[in-house]
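Peer 1: Predicted structure and sequence below. I'll ask about it afterward.
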Amino acid sequence: MSRTGGAATRRRLLQEAIRLFGANGFERTSLEAVASAAGVRKQTLLYYFPAKDTLLEACVIETSQRVARELAEALDAESSASRKAETVIHTLFRLAEEWPEFPQFIREASRLDPAVINRFAATLEPLRLRALAFLAQGMDEGIIRPQDPALLLFTLYTAVVGSITEAGVLRAVVGEDRSRTALRRREEEVLAFVRNAMFPGNVAEPRDAAGA
């Protein structure tokens, strides 16, 4: 098998594993089911992933790397410091809509061994440090309400990730509500929560001190 073909097969196996683990649960998803969904034999899957736990770990890495990449690109494109938190929210909700396997998989992975989530968090660590620096700078400049940056970041993370992995929102993401009304409504609720948590006063449209 060529290197290009091997990479494509591995990627297809990860995509199907993420989808099936999220939809059916880790324990209820067999390696045979993943291999069949990817259009290969189980022996081929075992060539890339010798055990089910190995496949799960690779799925965690694949998911976290895509999330980190999407967030980094979105943040780099946003020049307004005060809108970076909203950029993160918009990016994660957009990703949940475009890639419904992502929130389903995260919900499933979060109930497994805590080490799974630790590995996910490790990939996002550079973004966490970047966010802490941004929050601290915003507080120093008076743009963001003074508080513990680490606690604020944890609160914001919990609100956003908890929202996109909540069962009712997942039903909208995976298509039971074709209008995506529940997803849009929850995004607006999270945005309002974040604005209230971060910005002094009642600021519906936060701006930089320079008016950007």
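Peer 2: Cool, got the structure.
Peer 1: do you know how far the residue nearest to the spatial centre of the chain is from W99?
Peer 2: Nearest to the mean C-alpha position of the chain, by CA atoms, centre = their mean, lies V67 at 5.1 Å. Counting by CB to CB, to the nearest Å, the gap between V67 and W99 amounts to 9 Å. Every C-beta, even on glycine, is put in place using the N, C-alpha and C of the backbone.
Peer 1: Can you pull the residues that touch both of these two?
Peer 2: Contact criterion CB atoms under 8 Å, 6 or more residues apart in numbering; residues shared by V67 and W99: none found.
Peer 1: ok so, going back, where's the residue nearest to the centre of the chain, which helix or strand?
Peer 2: V67 is located in helix 52-77, with elements delineated by DSSP states H and E.
Peer 1: average model confidence for that helix?
Peer 2: Mean pLDDT, helix 52-77: 92.
Peer 1: helices or strands next to it in the packing?
Peer 2: helix 3-24, helix 31-38, helix 84-98, helix 101-110, helix 114-140 (3 or more CB pairs under 8 Å, 6 or more residues apart in numbering; DSSP states H and E).
Peer 1: Tabulate those helices in JSON lines, adding columns for mean pLDDT and distance to V60.
Peer 2: Shown next, in JSON lines, are these (pLDDT from 0 to 100; distance: least, CB to CB, whole Å):
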{"stretch": "helix 3-24", "mean pLDDT": "90", "distance to V60": "9"}
{"stretch": "helix 31-38", "mean pLDDT": "97", "distance to V60": "15"}
{"stretch": "helix 84-98", "mean pLDDT": "89", "distance to V60": "16"}
{"stretch": "helix 101-110", "mean pLDDT": "87", "distance to V60": "6"}
{"stretch": "helix 114-140", "mean pLDDT": "84", "distance to V60": "5"}
